[in-house]
Each structure stands twice: as C-alpha cells, then as structure tokens.
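Visitor: Sharing a sequence plus its predicted fold:
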Amino acid sequence: MSYNNSEDVKKLMANIGDLKTYAVIPAAGKGLRVSGDVSEPKQYNIVCDKPLIYHTINACLRIKWISKVIVVFDDSNYQKMKNIVDDIKHQKRVHLVVGSITRHGSIANGIDSIAAMKWPLPDIVVIHDGARPLLEEQLLIHLVDSAVKYGASGVICKLTSTVLSVSNDNLLDKALDRSQYFASETPQAFRYNLIKDAYNQCSQQDFDFNTECLDLVQKYTSSAVKLIEANPSEYFKVTFKKDIYTAEGMLREKKDVLLHCDFHCESQVDYRFISELREGLEKTFSNVAFFNNSSAIQLTYNPLIVRILIKFCNSWKDITEKSLSKCDSMIYLIITCDNTIDSLYKEMNCWVKSKTNDIKKFFVIHSNLDELNKHKDRLIKTVLYLSKQSPIELSGQIFFM
C-alpha cells in the first residue's frame, strides 16, 4: 500500500476519521548547531518571512482532524512563542506548554498536560519536531492507521552516507552495510495510553540520553512499532545552517497558488496565455487551484498562499474602485484597453502603495490588450518569479509590459 495512493488514503481516512488525535510539537531546544547563538534557538530563525516554528505549527493546523496542537517551548522565550501563535489562524487549537531541558522531558510535559487540562483523552498522539516545517497529510494518515493497528509507528528514511563503526581511539573498526540501517524521522504516531505509560516508566537515564520515542514505547510497553519509509529530501530536520536554505526552497515550492480569472475569456478575447500561465504554475508548485472569478474562494491570511488575480477592464479607474481582501501575497495582473497609462501613473502608484497596508506583498502587473500576445512570455516569467520568490522589497511596485 502506497501512502501516495489517493484511493488507499480515502479508505484509511474512513477508518481513522472518528479518532481523536492530538499533536505534540517539542520546540524547547537551543538549536546551537544552526546559529551557535544561545539567544536565538533555531525554531525562531526566519524562513519564508516567518519563524521556522510558525511553519511547523501551521502544517499541523492544516490537518483538520488534529484536534489540538500542543507546542512545548522554553519558558525564557514565552513572549516570542506567544506572538508567533497569535499570528496564526485557528490558534484556538494551539496550546503552549513549558518544556524541559531534554527532548523526552519536554515531550513528557506535553503529554502530561492533556490530563492536567482535563481535555477529552485522545486515541492517538502525533509527535512532530518543531524544526521540521513539512508535514504531509497522506503519510500521517498511514502513520495513524498503523498506530491503531500496532501501537506505534514512525517515519524512516534511507541513509545517504556510508556508516562507519569507530573504536574508542577514533580508529576505523568497520564499514556497516547502510542498506540495513535507516534514519528515524518524525512525525511519529502512538496510541495515547502507550506513549503515556512509556513516559511514566522512563528512568532518568532515558530522559537524559535516549532520544527515540519509538524505542521507549517498545521498551516499556512491548508494543510493536510499524515503520514507514518516506522521501529523505522532504522528511528532514533543520539541524545545520544549510538546512535553513533547503527548508526555505521547499516551503516556496509547497505554496498554494490560487489563480483567479475575473472575467469570461471566451466572451472578450482568446487569452491563450492563461492556460500557459496555469501550466507554468503547475510545473513550479505542488498545489494550484483555478477559479473563474475572485469571489469563488474564501480568502484567508496565510504566508504560504499566493493569490494571482487576473482582471480585465476598460480603464485603470475601474481598478481603483475595487476592494481587495487582506492577505499576505497577491499578484494583481491587470489587462486594460486604456492607452493613457503614463498620465495615470502617479495616481495608480499612490493607490498601489496604499494597498500594501492590507497586503504585505502586493505586486501589480499591467498589460495593454493590444500588446498582450507580444509580451506573453515575459508576462508569464514575471508572474512565476513573483509567485515563487515574493520579494518583499518589490512590494508596491507596478510592472508594465
């Protein structure tokens, strides 16, 4: 059974749909291998204009059947974490819990908080590291289903480097067969009673030196552990500075692109470039949705959603009257029959600048109807660049084609 097979996922979702699932995100570490600076743990490093932990929390919240997201943090960064959570939509599902000096201590605090808060006890607890901003729902469905069947489940990835056994004096002992070993990643899923029992039985040595939740559950509950192999290019932990750049690139590709066409193509002009633009977007991004008018979709404030609104009108003055919803990133592609752009530039520039109060990254592209086919390729390249990079330094600019 493949975790990417949509039919398999539908069947499994039917099996687990009635389960109560909570997520625990340990995010109390110092992350010194990234910054080397104890004042700025890695989970607060900025990635795609937001702290890394913002993306991890948001990834959990996008999975609607996760009822609660428990974020375990270092109490010295309380205000910083609170500000991040306050900036997230659906924040009522997010709960902050003070962590410990060790990873297992922090996770245990998160799990103990469930009973302490007198919430309904969950069937399943998902554990996902705060330094892992990517989370795929299809894979998580398989993990939860496996946790129901076996007790515990986790993601593993093939090793990409040779593994060596080294003696105490740093001499080579032997090279291990890496095909027999895997890297343990998160998310991991557990029956609530099993992960709670495991932590209740942990020794101090476990808390201080063990870093593997799956091992603790197997050790103290005799539960079977189901392992599911995943793509190592996606399921990695931000550990070193280079991983920040990898995460940024992958999050940009994971953006949701909403393409609104605010007119009827067939009744006005043959806009062949729209199909080519759509094709270019689908090659660049994982999720592209097309709508034939801007009112067909609910607009939500999300830094990983890019809205591309294509508007046809007779005059620039039709544009200045349009009300635009507050959002993080919008590309407003305007096609007009108006040939008096130069005289209106100052007026339009003021209007665009005023909209940046509500739209953080607002880019306006103008093309005259008569010049559309001539500039089609440059137009598409500009939209693709602005969609992927969203350069904030260009926000409020008008691009004339």
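Guide: Perfect, I can see it now.

Visitor: CA only for contacts and neighbour counts going forward, please
Guide: Will do.

Visitor: Can you report how many residues neighbour I127?
Guide: 23 (other C-alpha atoms under 10 Å).

Visitor: what's the answer for the one 5 residues further on, then?
Guide: Here the count is done by other C-alpha under 10 Å, and R132 has 25 residues near it.

Visitor: same deal with S76?
Guide: Other residues near S76 number 11, with proximity taken as other C-alpha under 10 Å.

Visitor: same check, this time on I334
Guide: Neighbour count for I334, taken as other C-alpha under 10 Å: 21.

Visitor: What's the mean pLDDT across the helix or strand harbouring it?
Guide: If you go by DSSP states H and E, I334 is part of strand 327-336. Mean pLDDT, strand 327-336: 81.

Visitor: Which strands border it, and is each parallel or antiparallel?
Guide: Sheet pairing of strand 327-336 (DSSP bridges) gives strand 305-313 (parallel), strand 359-368 (parallel).

Visitor: three-state assignment of L384?
Guide: State at L384, reduced to three classes by DSSP: H, G, I helix; E, B strand; the rest coil: helix.

Visitor: ok, back up a step: which of the strands paired with strand 327-336 sits closest to T284?
Guide: Nearest of the strands paired with strand 327-336 to T284, taken as C-alpha to C-alpha: strand 305-313 at 12.7 Å.

Visitor: for that closest one, the distance to its chain's centre please.
Guide: 23 Å (C-alpha atoms, centre = their mean, to the nearest Å).

Visitor: what's next to it, contact-wise?
Guide: Defining contact as C-alpha atoms under 8 Å, 6 or more residues apart in numbering, one finds that strand 305-313 is touched by 255-263, 294, 319, 328-337, 387.

Visitor: Low-confidence stretches in this protein?
Guide: Low-confidence segments of the chain, defined by pLDDT under 70: 1-7, 31-39, 89-90, 263-271, 293-303, 315-326, 338-344.

Visitor: Domain ranges for the protein, per the record?
Guide: Split into domains by automatic domain parsing, the chain comes to 6-252, 255-400.

Visitor: just the ones you listed: most buried one?
Guide: Mean neighbour count (mean count of other C-alpha atoms under 10 Å) peaks for domain 6-252 among the domains of the chain, with a mean of 18.

Visitor: Let's verify D173: helix, strand, or coil?
Guide: Once three-state DSSP is applied, D173 turns out strand.

Visitor: Hmm, V166 and it touching each other?
Guide: Yes. The pair D173 / V166 is scored as a contact, 5.0 Å apart, by C-alpha atoms under 8 Å.

Visitor: Strands of the stretch 51-200 of the chain, residue ranges please.
Guide: Shown for the stretch 51-200 of the chain, the strands assigned by DSSP state E, counting those that start in this stretch span residues 66-73, 94-98, 124-127, 151-158, 163-166, 172-176, 182-191.

Visitor: so which of those comes closest to S354?
Guide: Closest among the strands of the stretch 51-200 of the chain, using C-alpha to C-alpha: strand 94-98, at 33.3 Å.
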